[in-house]
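Undergrad: kindly generate the corresponding structure for this input.
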Amino acid sequence: MDMSRASTCSYPLREKDLDYTLGVLAGAGFGKVDLWGRAPHFSIDPSEVDPAQIEALCTAHGICIGNLGSYPGKDFASADPAARGAAMEEMIATIDLAARFGARSIRILPGSGDDPAQVPLIAPQFAESAAYAETKGVYLGMENHAGSIAGNPPIALRLCEAVGSKHFGVLYEPCNLMHGGVDYKEAFAVFGEWITHVHVKDGAWVGDTFERRHLGEGVIDYRWVVEALQGAGYEGDYALEYEICDLEPIETGLRKWYEYWEGL
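TA: As a prediction, this is how the structure comes out:
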């Protein structure tokens with residue numbers, strides 16, 4: 001596996017400061033981070049998190065930023081014009097910081113909830129956002145979460161087509177889809193050409209219980225995932241998202257994920 005395209009999410013260490021977090025990630029072998037989009041790791045408000053400090057810490061740990069796990073776009077569905085305007089300001093500020101950091105992509109929220117009636121309301125604002133992002137070389141991706149438009153592949157596709165920009169699309173998350181009762185391979189067949197970023201973790205259903213597991217110990221076929229993405233011309237990163245700190249501390253477990261992905 002080409003490890004230059006592998007990153008890892010800082011989200012599991014969201015209660016730790018960025019210096020400690022980046023030290024753990026770098027210690028596991030990673031040179032790229034999918035940066036959680038809230039303090040203490042990131043904020044568009046420099047009084048909360050100074051962008052210069054983020055840059056200095058990344059340099060000190062030898063890590064670059066591949067994606068911002070940010071949250072702009074939710075209020076594009078608001079009936080309040082002021083809220084929609086503020087949401088656009090947040091979007092532009094996030095794109096600008098992504099460009100400053102050299103990040104390829106950011107995560108966005110496709111409105112609020114999973115009501116497909118939002119699509120014609122939010123699509124024009126995302127089209128404007130994507131046009132601006134394209135000028136900055138940044139891609140926008142909505143993560144496959146249950147309860148979101150992005151968790152319903154046909155509706156996600158409808159939004160992508162309505163926006164009509166290759167700088168807007170889906171943050172493909174096979175494990176989230178499976179957890180939400182959606183077949184990740186069938187989902188890929190629906191929106192595969194619109195994928196802008198990828199999150200990687202593993203798990204399995206055991207009866208009525210969903211269990212998160214070490215990478216390679218669940219049922220997600222990541223060899224299939226990578227081959228499908230390569231076949232679709234995907235050029236982005238693969239962000240390993242270690243969300244099993246209750247099973248093994250990330251300080252020891254993340255290196256196992258790195259080695260699994262490296263040997264895939």
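Undergrad: tell me the span between the first and last residue of stretch 40-58.
TA: Across stretch 40-58, the terminal residues are separated by 14 Å (Cα to Cα, to the nearest Å).
Undergrad: residue 239 is in contact with residue 105, correct?
TA: No: taking contacts as Cβ atoms under 8 Å, residue 105 lies outside contact range of residue 239: 9.7 Å. C-beta: built from backbone N, CA, C; applies to glycine.
Undergrad: can you map out the strands along the stretch 101-250 of the chain?
TA: Remark: strands assigned in the stretch 101-250 of the chain by DSSP state E, counting those that start in this stretch are 105-108, 139-143, 168-172, 195-200, 202-206, 209-213, 238-240.
Undergrad: would you list the ones you listed in TSV and tack on mean pLDDT?
TA: Shown next, in TSV, are those (pLDDT from 0 to 100):
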stretch	mean pLDDT
strand 105-108	98
strand 139-143	98
strand 168-172	98
strand 195-200	98
strand 202-206	98
strand 209-213	97
strand 238-240	98
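Undergrad: closest one to residue 91 among those strands?
TA: strand 105-108 (7.3 Å; Cβ to Cβ).
Undergrad: which outside residues touch the closest one?
TA: Strand 105-108 is touched from outside by 37, 66-73, 91, 94-95, 98, 126, 129, 133, 138-143, 171, 196-197, 236-237, with contacts defined as Cβ atoms under 8 Å, 6 or more residues apart in numbering.
Undergrad: show me what the longest helix along the chain is packed up against.
TA: Longest helix in the chain, counting residues (DSSP state H): helix 81-101. Here helix 81-101 touches helix 51-61, strand 64-69, strand 105-108, helix 119-136, going by 3 or more Cβ pairs under 8 Å, 6 or more residues apart in numbering; DSSP states H and E.
Undergrad: buried set for that helix?
TA: 84, 87-88, 90-92, 94-98, 101 (16 or more other Cβ atoms under 10 Å).
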